[in-house]
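1. make a model of this:
(one chain, ligands or ions: 1)
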Amino acid sequence: MPTDKPTFAIVGAGLAGAKAAETLREDGFDGRLVLLGAEPERPYERPPLSKDYLRGEAERDQAYVHDAAYYAEHEIELRVDEDVARLDPPQRELTLRSGERLGYDRLLLSTGAEPRRLSVPGAELEGVHLLRTFGDSDALRARLDAGGSLVVIGAGWIGCEVAASARQRGVEVTLIAPEAVPLERVLGGEVGAIYRDIHADHGVELLLEAGVASIEGAGRVERVRTQDGRAIDCDAAVVGIGAAPRDMLAAAAGLAVEDGVLVDGRLETSVPGIFAAGDVANQLHPSLGRLRVEHWDNALQQGPAAARSMLGSTESYARLPYFFSDQYDVGMEYSGYAADWDRVVLRGDHAAREFIAFWLRDGRVLAGMNVNVWDVAETIQALIAGGQQVDERRLADPGAPLTELLAEVPGNR
Ligand SMILES: Cc1cc2nc3c(=O)[nH]c(=O)nc-3n(C[C@H](O)[C@H](O)[C@H](O)COP(=O)(O)OP(=O)(O)OC[C@H]3O[C@@H](n4cnc5c(N)ncnc54)[C@H](O)[C@@H]3O)c2cc1C
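-> Predicted coordinates for the structure are as follows:
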């Protein structure tokens, strides 16, 4: 039946897309709402895929964003296994892989990111795993169930979490990475060294400042060879060398793209009426400048923010980046964004793995990470947002309540 109600389409049925659809309905959008996803699954959250789900300690059902009935109940046309092949902004039309066309009035791109592949001989051998989807996690979990030895290539968050989960399952792990310490790019040398020691204490063999030359085996992976000639025998390998934004659809349609789909403060792209959120969006953040964030919280919050913009809100998305990671019995939350700092201040007992690290520039806190210390993330975020110089001695003193430091920030008195 023809209707004069608008159609809103969402391409990418991950966390950002699902939360955007939820917000559109909650905020009263009563037009046609189509949520298209290339995966065969309804939207799910990825953090468990390298943690408890990978270790067989959590059920699949716990990872879904909504229960199966939710979409029909809210008149959200969820179409899984539907890859959008083309976007035609002047016609306001999507073309699906099947050839079907779908017109829209407003569009959200929430196509996420995909794991970078290693470009060395043998990278495509059987037994070399990437980790992004349920299917990837299932395949790796089956390997961990079988025991044996695993080489993890890359010491970013996913590499470190997989190494931890594999050790927790009793698998032998060698971690190979070009950096001097794990997580060096985000945490720097001093705090990265704490994570290096955590992994070493749990029996991970760390080959740092090492590159991979090739992956070798007859049909399937048998060993990983480093650039300096070491050969590490293994039953499987995991490549965790970062992710790239899935911005091809937008780029091919002529939208402005540079390390993700460029969006303004309201998450609108260079084409009015088309928005982007989550891992794929490179936002002009009101206080941090251009930023593309690959974190769960960003997808959780930006999806709804983009939905509100689609409905006409003029508010900018101003939230500070936030993420978490769990490795062994070490849980952490990181707030803020520090690309370039001049001081790291540690507060607490890092040998006991109970501390807060702060990254500062010119005496101002850019980012903070609480490790096995809880209920402080909001205070840390307020310290960062305050943007004032702090007393470093007191910041380092666990006896000086963080809330008192916060009270010294003008505006919080
Ligand atoms: C293993 C793993 C562990 C993680 N752990 C943490 C963690 O501990 N803490 C944290 O903060 N973050 C974590 N993250 C990051 C977090 O999961 C991501 O930031 C989040 O999933 C981003 O959500 P998204 O909706 O933007 O994209 P995605 O989750 O990638 O979803 C995008 C969806 O769009 C679909 N799509 C793409 N192109 C098309 C197309 N053309 N047509 C139709 N559909 C399309 C994709 O198939 C995908 O399903 C982890 C990520 C992974 C992979």
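2. name the residue of the stretch 151-300 of the chain with the shortest distance to the ligand.
-> Closest contact between the stretch 151-300 of the chain and the ligand, by CB to the nearest ligand atom, is at G278 (2.2 Å). C-beta: built from backbone N, CA, C; applies to glycine.
3. skipping adjacent residues, who's closest to that residue in space?
-> Of all residues not flanking G278 in the chain, A16 sits nearest, at 3.0 Å (CB to CB, 6 or more residues apart in numbering).
4. I'd say T226 and A213 touch.
-> Yes - taking contacts as CB atoms under 8 Å, T226 lies within contact range of A213: 6.1 Å.
5. run through the strands of the stretch 51-200 of the chain in chain order.
-> 76-79, 84-88, 93-96, 101-103, 106-109, 113-115, 128-129, 149-153, 172-176 (DSSP state E, counting those that start in this stretch).
6. what about those strands, which gets the closest to N298?
-> strand 113-115 (11.3 Å; CB to CB).
7. run through the neighbouring helices and strands of the helix or strand of the chain at the bottom of the mean pLDDT ranking.
-> Within the chain, no helix or strand scores below helix 402-407, which has a mean of 84 by mean pLDDT, DSSP states H and E. When contacts are defined as 3 or more CB pairs under 8 Å, 6 or more residues apart in numbering; DSSP states H and E, helix 402-407 packs onto helix 377-386, helix 392-395.
8. only the buried residues of the biggest helix by length in the chain, if you could.
-> Using DSSP state H, we find that the single longest helix of the chain is helix 184-201. Buried residues in helix 184-201, counted by 16 or more other CB atoms under 10 Å: 184, 186-188, 191-199.
9. redo those residues as TSV? Include distance to G260 and pLDDT.
-> Formatted as TSV, the buried residues of helix 184-201 follow (distance: CB to CB, whole Å; pLDDT from 0 to 100):
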residue	distance to G260	pLDDT
E184	23	97
V186	18	95
L187	23	97
G188	24	97
V191	27	97
G192	25	98
A193	31	97
I194	31	97
Y195	27	97
R196	30	98
D197	34	98
I198	31	97
H199	30	98
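10. just checking: which of those also lie near the ligand?
-> When CB under 6 Å from any ligand atom is applied, no member of those is adjacent to the ligand.
11. before we move on, the earlier item: show the subsequent helix or strand relative to the longest helix of the chain.
-> Next in sequence after helix 184-201, counting helices and strands by DSSP states H and E, comes strand 205-207.
12. what is the distance between the helix or strand following that next one and the centre of its chain?
-> Following strand 205-207 in sequence order, the next helix or strand is strand 212-216 (DSSP H and E). The chain centre lies 27 Å from the centre of strand 212-216; the measure is CA atoms, centre = their mean, to the nearest Å.
13. what is the orientation angle of strand 212-216 with strand 172-176?
-> 140 degrees (axes from the mean of the first three to the mean of the last three CA atoms, to 10 degrees).
14. can you list the buried residues in strand 212-216?
-> So strand 212-216, judged by 16+ other CB under 10 Å, has buried residues 212-215.
15. identify the farthest-apart pair in the residues you listed.
-> Longest span within the buried residues of strand 212-216, CB to CB: A213 and I215, 9.0 Å.
16. anything in contact with each of these two?
-> 120, 225 (CB atoms under 8 Å, 6 or more residues apart in numbering).
17. mind checking how far V171 is from E205?
-> 12 Å (CB to CB, to the nearest Å).
18. of the two, who's got more company?
-> V171 (21 against 15; other CB atoms under 10 Å).
19. wouldn't the more buried one be in contact with G147 here?
-> Yes - if you go by CB under 8 Å, V171 and G147 touch, sitting 6.1 Å apart.
20. next one, pLDDT for the closest residue to E75 other than its chain neighbours please.
-> In this structure, E75 finds its nearest non-sequential neighbour in L33, 6.7 Å apart by CB to CB, 6+ apart. pLDDT, L33: 98.
21. what angle do the helix or strand where L33 lies and strand 84-88 make?
-> Counting by DSSP H and E, the element that carries L33 is strand 32-36. On the basis of the same axes, to 10 degrees, strand 32-36 is oriented at 130 degrees to strand 84-88.
22. so what strands line up beside strand 32-36?
-> strand 7-11 (parallel), strand 76-79 (parallel) (DSSP bridges).
23. now those in CSV, with mean pLDDT?
-> Compiled in CSV, those are given as follows (pLDDT from 0 to 100):
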stretch, mean pLDDT
strand 7-11, 98
strand 76-79, 98
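24. can I get the ones you listed in JSON lines including distance to the ligand?
-> Listed next are these as JSON lines, based on distance: least, CB to the nearest ligand atom, whole Å:
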{"stretch": "strand 7-11", "distance to the ligand": "5"}
{"stretch": "strand 76-79", "distance to the ligand": "9"}
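25. does Y334 sit in a helix, a strand or a coil?
-> Put simply, Y334 is strand when judged by DSSP: H, G, I helix; E, B strand; the rest coil.
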